[in-house]
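**Q** need a 3D model of the sequence below.
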Amino acid sequence: MAAYLSRLHHISLQVSNVDKVAHELVSRFQFNVFAARRTDRAKQLALRRGSAVFVVNERPSLSDCGAVRDHRDAGCVFGTHEHYPVDTVSNVCFEVTDVPSASRALRDQDGCEFLQPPAELQDDRGRVTFSIVRSPVGNVCHTLIDSSRYQGPFLPGFREVSSGCQGADRSRCPITHFDHITYACPRSSTVHITNWYRRNFGFQRFFIDRSAAVTLFKITLKI
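**A** Numbers count the residues shown, from 1 in each chain. Next up, the predicted model:
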């Protein structure tokens with residue numbers, strides 16, 4: 001049985017310079033920095049434009065990465081922390097209504113690897129439940145999260161950021177939401193990847209250019 005996904009929650013980026021990437025999103029695409037998390041090992045900024053949310057994580061050094069997997073010890077919460085030599089998308093996070101139930105459904109599927117079993121994080125604004133699975137695309141994982149019991153600006157550990165660091169003329173780039181996500185995949189991997197998303201997340205395959213064999217997935221999400 002596939003896990004039921006309610007909506008796309010956010011997309012995480014692992015980068016070498018979080019301030020530079022955030023500046024580009026603000027100045028070029030008029031995203032707003034609305035929440036931040038800073039520790040001695042991590043720097044994370046959350047940026048929003050419409051319903052589109054990016055979380056930009058400063059990539060940890062090789063010495064900090066090690067074999068860290070547990071969210072309680074990791075520098076960046078709600079994701080994984082493998083070291084990549086270049087800036088990359090690292091996490092496509094989906095909201096679900098029941099993380100334990102969705103995780104059990106995925107655990108029953110062959111070929112679904114958990115990087116973080118269901119866990120909770122909380123602060124004085126509430127709590128969230130989440131788990132993390134590895135995708136069939138090497139540098140991307142998927143966090144499944146239930147934030148319905150959280151009333152803070154974003155997620156536990158993030159503080160609200162004032163409106164001082166915002167984009168200028170918002171009419172120049174009228175972004176409202178994420179329309180789609182594209183993977184650039186190795187040759188001959190398409191069947192494996194499409195089957196994984198169909199089996200685990202209930203995605204449906206459809207063609208946009210049959211002559212070129214270009215395909216997309218679609219899924220009905222409850223907003």
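
**Q** check the offset of the helix or strand where residue 121 lies from the chain's centre.
**A** Taking DSSP states H and E as the criterion, residue 121 maps to strand 114-123. Taking CA atoms, centre = their mean, to the nearest Å, one finds the center of strand 114-123 at 14 Å from the center of the full chain.

**Q** who touches it?
**A** 69-71, 77-78, 80, 99-100, 103, 106-107, 127-134, 141, 143, 152, 155-157 (CB atoms under 8 Å, 6 or more residues apart in numbering). For every residue, glycine as well, the C-beta is placed using N, CA and C.

**Q** buried set for that strand?
**A** 115-116, 118-119, 121 (16 or more other CB atoms under 10 Å).

**Q** please produce CSV containing these, extended by pLDDT.
**A** Shown next, in CSV, are the buried residues of strand 114-123 (pLDDT from 0 to 100):
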residue, pLDDT
115, 90
116, 91
118, 94
119, 93
121, 93
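
**Q** closest to residue 39 among the residues you listed?
**A** residue 121 (13.6 Å; CB to CB).

**Q** who's that closest one bridged to?
**A** Beta-bridge partners for residue 121, by DSSP bridges, are residue 128.

**Q** tell me the spacing between it and residue 78.
**A** 8 Å (CB to CB, to the nearest Å).

**Q** pLDDT below threshold where in this protein?
**A** 60-77, 79-83, 163-172, 207-223 (pLDDT under 70).

**Q** so where do the helices sit in this protein?
**A** Using DSSP state H, the helices of the chain run over 18-29, 62-65, 99-107, 190-201.

**Q** any idea which of the ones you listed gets closest to residue 54?
**A** helix 18-29 (6.3 Å).

**Q** please save the CA atoms from that closest one in CSV.
**A** Extracted as CSV, the C-alpha positions of helix 18-29 are listed here (Å, rounded to 0.1, in the frame of the first residue of the first chain):
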residue,chain,number,x,y,z
VAL,A,18,23.7,29.7,2.8
ASP,A,19,23.7,33.5,2.8
LYS,A,20,24.7,33.7,-0.8
VAL,A,21,22.0,31.3,-2.0
ALA,A,22,19.4,33.0,0.2
HIS,A,23,20.4,36.4,-1.2
GLU,A,24,19.8,35.0,-4.8
LEU,A,25,16.4,33.7,-3.9
VAL,A,26,15.4,37.0,-2.3
SER,A,27,16.9,39.4,-4.9
ARG,A,28,16.1,37.4,-8.0
PHE,A,29,12.9,35.6,-7.2
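
**Q** before we move on, back to that, how about CSV for the helices of the chain, with mean neighbour count added?
**A** Supplementary listing: these in CSV, determined by neighbours: other CB atoms under 10 Å:
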stretch, mean neighbour count
helix 18-29, 16
helix 62-65, 12
helix 99-107, 19
helix 190-201, 16
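
**Q** quick one, which of those is nearest to residue 175?
**A** Among those, helix 18-29 sits nearest to residue 175 (CB to CB), with 6.1 Å.

**Q** output the contacting helices and strands for that closest one.
**A** Packing partners of helix 18-29 (3 or more CB pairs under 8 Å, 6 or more residues apart in numbering; DSSP states H and E): strand 32-38, strand 43-49, strand 52-58.

**Q** just checking, what packs against the last one?
**A** Based on contacts counted as 3+ CB pairs under 8 Å, 6+ apart, the elements that strand 52-58 packs against are strand 7-15, helix 18-29, strand 43-49.

**Q** so which of the ones you listed gets nearest residue 182?
**A** Among the helices and strands packed on strand 52-58, the nearest to residue 182 by CB to CB is strand 7-15 (11.8 Å).
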